[in-house]
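K.L.:
Sequence and computational prediction follow.
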Amino acid sequence: MREKSLAIHAGYDGNEFGTMAVPIYQTTAYEFRDAKHASDLFELKELGNIYTRLMNPTTDVFEKRFAKLEGGVSAIATASGMSAIFYAIANVAEVGDNIIVAKQVYGGTTTLTGHTIKRFGIEARYFDVHKPSELEELIDDKTKLIIFESITNPSIDVADIEAITTIAKSYRVLTCTDNTVATPIICRPIEHGVDIVVHSASKYTTGQGLAIGGILVERENIIDTLKDNSRYYHFNEPDESYHGLIYTNMPLPPFTLRVRLALLRDLGATPSPFNSWLYIQGLETLSLRIRQHSNSALAIAKFLENHPKVKKVNYPGLESDSNHEMALKYFSDGMASGLLSFEVDTKAQAQNIADRTKIFKIVTNIGDSKSIITHPASTTHQQLSLEELKSAGVPAGLIRLSVGLEDTQDLIEDLSQALEEE
Ligand code: PLP
């Protein structure tokens, strides 16, 4: 099946009641057939449902569907995009290790990597997503993961995915791409050598700003990087917390297996079955929505590009954009998603424009059917130092738009009147 069909059918083939829609299995726990069945499940002699912190049949459909869409082999849904990113890191790194992160990432990823994991003894080193060769200087024996976004939020850069994964592979270091903005309909990082893909499902996956969630997808045969690689010794040595299980000896995808058995067990950032059901509904229309988000965003980017009060527009779908070549290389069907940013002279001007829009709402979210205007320097990126703001590509006069599904002309007229009065 192709992506549009996978988004509607993968992971679910009906059940004993013949329900056409995937049911919400709203339960905390599962009854075992007998005591032996219970112990077989805990020992992984048989696979099945144990407890909703670890797995759930509704969430399972979402995970299987998303894994297929990303071209991966297995997925784990989480309670938020941030917990998916944290699990990707915590699954490989410990005190004394380091990870390498693109400078141009979502503000939460900058604070997670620059501050929170530092307190766990994990160092974050940063590279410019436009200069993958910087990785050569940063990778050492303690490097466990390279994290970057396929389309960066909010600077709207496009990563040269293959340049990054080629270097990572030469050191046998895992790579992780946050594909939230592009979605698997536009870009499939695993096809370009990425090992782990993470998403905030809170964005284009739900598509209507309905729930907070995340997902982490593992590529097939990740064992070729993990097996007998001293960098990832804990995948090759017995896990004492699970009766000496060795992840790379298991007949299951080892990265997501360890997230499930160790991290979901101990940290428990699990989605509710209801939210997993919402993500399933969202996936069914994702390919239609992302086409419309992309078409509308391109028309708005062209309008802004010709506006005298706009200094610069960042949208990879524009031929004039410095990321356009990368967009042509990595994105499908000329789409570039619904996120764009533009720059005006000052912070005050940017805030005035946001105040004057009527259809665009001032909200710190993206990927909603409703259009959103954000001033990153005073909101999503407020906790970043001036230096961090600069390297994240967030000048004070930058405005981010998440273009929704309203009529394109209405959106252009809304921006036009907000800019006129400025
Ligand atoms: N990744 C990106 C690119 C994001 O934009 C966001 C949130 O805005 C996140 C991750 C975090 O996701 P969540 O809010 O679901 O934790």
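P.N.:
Structure received.
K.L.:
who touches the helix or strand of the chain with the lowest mean pLDDT?
P.N.:
Using mean pLDDT, DSSP states H and E, helix 386-391 stands out as the lowest-scoring helix or strand of the chain, at a mean of 77. The contact list for helix 386-391, computed with Cβ atoms under 8 Å, 6 or more residues apart in numbering, reads 103-104, 110, 114, 126, 128, 377, 381, 395-396. (Each C-beta comes from the backbone N, C-alpha and C, glycine too.)
K.L.:
C-terminal to whatever helix or strand E63 lives in, what's the next element?
P.N.:
In this assignment (DSSP states H and E), E63 forms part of helix 57-69. Sequence-wise, the next helix or strand downstream of helix 57-69 (DSSP H and E) is strand 74-78.
K.L.:
what's the helix or strand following that next one packed up against?
P.N.:
Once the chain leaves strand 74-78, the next helix or strand it forms, by DSSP H and E, is helix 81-90. Where contact means 3 or more Cβ pairs under 8 Å, 6 or more residues apart in numbering; DSSP states H and E, helix 81-90 is packed against strand 74-78, helix 107-111, strand 143-149, strand 174-178, strand 196-200, strand 214-218.
K.L.:
Where among these is average confidence lowest?
P.N.:
Among the helices and strands packed on helix 81-90, helix 107-111 carries the lowest mean pLDDT, at a mean of 92.
K.L.:
Which neighbouring elements make contact with it?
P.N.:
helix 81-90.
K.L.:
Please pull up the helix or strand immediately following the helix it packs on.
P.N.:
Past helix 81-90, the next helix or strand by DSSP H and E is strand 98-102.
K.L.:
ok, back up a step: contacting the ligand as well, which ones from the contacts of helix 386-391?
P.N.:
Subset of these in contact with the ligand: empty, counting by Cβ under 6 Å from any ligand atom.
K.L.:
how about TSV for those, with secondary structure and neighbour count added?
P.N.:
As requested, those are exported to TSV (DSSP: H, G, I helix; E, B strand; the rest coil; neighbours: other Cβ atoms under 10 Å):
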residue	secondary structure	neighbour count
K103	coil	21
Q104	coil	25
T110	helix	24
G114	helix	17
Y126	strand	19
D128	coil	14
A377	helix	22
H381	coil	24
P395	coil	19
A396	coil	19
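K.L.:
Would you mind checking which of the residues you listed is nearest to D266?
P.N.:
Nearest to D266 among the contacts of helix 386-391, counting by Cβ to Cβ, is G114 at 24.1 Å.
K.L.:
My read is that that closest one contacts A124, right?
P.N.:
Yes. Between G114 and A124 a contact is recorded at 5.6 Å, counting by Cβ atoms under 8 Å.
K.L.:
which bits of the stretch 151-300 of the chain sit near the ligand?
P.N.:
Contacts of the stretch 151-300 of the chain with the ligand, taken as Cβ under 6 Å from any ligand atom, map to 153, 178, 180-181, 200, 202, 212, 214.
K.L.:
Now for the closest residue to the ligand within the stretch 101-250 of the chain, how many residues are close by?
P.N.:
For the stretch 101-250 of the chain and the ligand, the shortest gap (Cβ to the nearest ligand atom) falls at S200, measuring 3.0 Å. Neighbours of S200 under the rule other Cβ atoms under 10 Å: 29.
K.L.:
Spatially, what comes nearest to it if we skip its sequence neighbours?
P.N.:
Nearest residue to S200, sequence neighbours excluded (Cβ to Cβ, 6 or more residues apart in numbering): G81, at 2.6 Å.
K.L.:
What is the neighbour count of that neighbour?
P.N.:
Neighbour tally, G81, other Cβ under 10 Å: 25.
K.L.:
State the helix or strand in which the closest residue to V73 other than its chain neighbours lies.
P.N.:
Excluding the flanking residues, the one nearest V73 by Cβ to Cβ, 6+ apart is E220, at 4.1 Å. Using DSSP H and E, E220 maps to neither a helix nor a strand.
K.L.:
Doesn't I399 belong to a helix?
P.N.:
No. Counting by DSSP: H, G, I helix; E, B strand; the rest coil, I399 is not found in a helix; it is strand.
K.L.:
ok, now how distant is it from I353?
P.N.:
6 Å (Cβ to Cβ, to the nearest Å).
K.L.:
Just want to know which of those two has more residues nearby.
P.N.:
The neighbour comparison of I399 against I353 (other Cβ under 10 Å) goes to I399, with 26 against 23.
K.L.:
what sits against the more buried one?
P.N.:
I399 makes contacts with 341-344, 350, 353-354, 373-375, as judged by Cβ under 8 Å, 6+ apart.
K.L.:
What's opposite it in the beta bridge?
P.N.:
F342 (DSSP bridges).
K.L.:
Mind pulling up the pLDDT for it?
P.N.:
The score at I399 is 96. That number is its pLDDT.
K.L.:
how close does it get to the ligand?
P.N.:
Using Cβ to the nearest ligand atom, to the nearest Å, one gets 16 Å for the distance from I399 to the ligand.
K.L.:
burial count for S74?
P.N.:
S74 - counted by other Cβ under 10 Å - has 21 other residues nearby.
K.L.:
What of the one 10 residues further on?
P.N.:
Residues within reach of A84, counting by other Cβ under 10 Å, total 29.
K.L.:
related to what we said a few turns ago, mind putting the residues of the stretch 151-300 of the chain next to the ligand into JSON lines with distance to L44?
P.N.:
JSON lines is the format used below for these (distance: Cβ to Cβ, whole Å):
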{"residue": "N153", "distance to L44": "38"}
{"residue": "D178", "distance to L44": "30"}
{"residue": "T180", "distance to L44": "32"}
{"residue": "V181", "distance to L44": "36"}
{"residue": "S200", "distance to L44": "30"}
{"residue": "S202", "distance to L44": "31"}
{"residue": "I212", "distance to L44": "30"}
{"residue": "G214", "distance to L44": "25"}
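K.L.:
contacting residues around N221?
P.N.:
Applying Cβ under 8 Å, 6+ apart to N221 gives the contacts V73.
K.L.:
cool, P273 as well?
P.N.:
Residues near P273 by Cβ under 8 Å, 6+ apart: 24-27, 52, 56-59.
K.L.:
L283 too?
P.N.:
The contact partners of L283, taken as Cβ under 8 Å, 6+ apart, are 7-8, 62, 65-66, 69, 205.
K.L.:
Wait, a helix at it?
P.N.:
Yes. Checked against three-state DSSP, L283 lies within a helix.
K.L.:
Many thanks, we can stop here.
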